[in-house]
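1. quick one, structure for this:
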Amino acid sequence: MLLHLEKLVGQERFEAYLRAHVKRFAGGFLTEEDFKNFFLEHFSSEPAVQNVDWQKWFYGSGLPELPTMNCVLAEKVELLFSSLKGGYEGSKEDTEGWFPAQTMLLLDRLVDYASKLLLAKRMRCDNVSARGARRMAWMPPAMQRSGSVG
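-> Predicted coordinates:
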């Protein structure tokens, strides 16, 4: 919900709201109605916030649709991942200045991609059925090698 509200009013204005929110409610308790009223009061001149479906956000079932995130740091990871997937061998400079989370994201993407490639190769070599492949997808590699799935 906070990401959705931030998208409506912009990051800078939302951060100012959060400072005001903390100042107003510090050390206290607030209800959903308190949150909603303070937010609407803070952004009373912003037409976009008047159409928020508060009922759905507070009491709806399931997970609401999340806004698309635009993250330059993650985009750099995806660009390098796509390049590596396409055959680029990479260099030390590719990740200079990266935050640890970016490196971890790249490694996660590479491990996931490699696992899928290995599973596909294994299926071709062992002539595994589609049903067996679905069962193997969640298994650790040691269990996949046991040959007990078919």
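2. so which elements touch the strand or helix carrying residue 115?
-> For residue 115, the host element (DSSP states H and E) is helix 100-126. Here helix 100-126 touches helix 72-85, helix 130-136, helix 141-145, going by 3 or more C-beta pairs under 8 Å, 6 or more residues apart in numbering; DSSP states H and E. For the C-beta atoms, the positions are set from N, CA and C on the backbone; glycine is no exception.
3. hmm, try it at 7 Å
-> The contact analysis (3 or more C-beta pairs under 7 Å, 6 or more residues apart in numbering; DSSP states H and E) places helix 100-126 against helix 72-85.
4. give me the angle between the helix it packs on and helix 100-126.
-> Angle, helix 72-85 to helix 100-126, by axes from the mean of the first three to the mean of the last three C-alpha atoms, to 10 degrees: 30 degrees.
5. tell me the buried residues in helix 72-85?
-> 76-77, 80-81, 84 (16 or more other C-beta atoms under 10 Å).
6. and which of these is nearest to residue 95?
-> residue 80 (7.5 Å; C-beta to C-beta).
7. contacts only, for that closest one.
-> Counting by C-beta atoms under 7 Å, 6 or more residues apart in numbering, residue 80 touches 94, 106.
8. what's the answer for residue 21, then?
-> residue 38.
9. which regions of the chain sit below the pLDDT cut-off?
-> 63-70, 123-150 (pLDDT under 70).
10. re the thing from before, starting at the chain centroid, how far to the helix holding residue 115?
-> Distance, stretch centre to chain centre, for helix 100-126: 18 Å (C-alpha atoms, centre = their mean, to the nearest Å).
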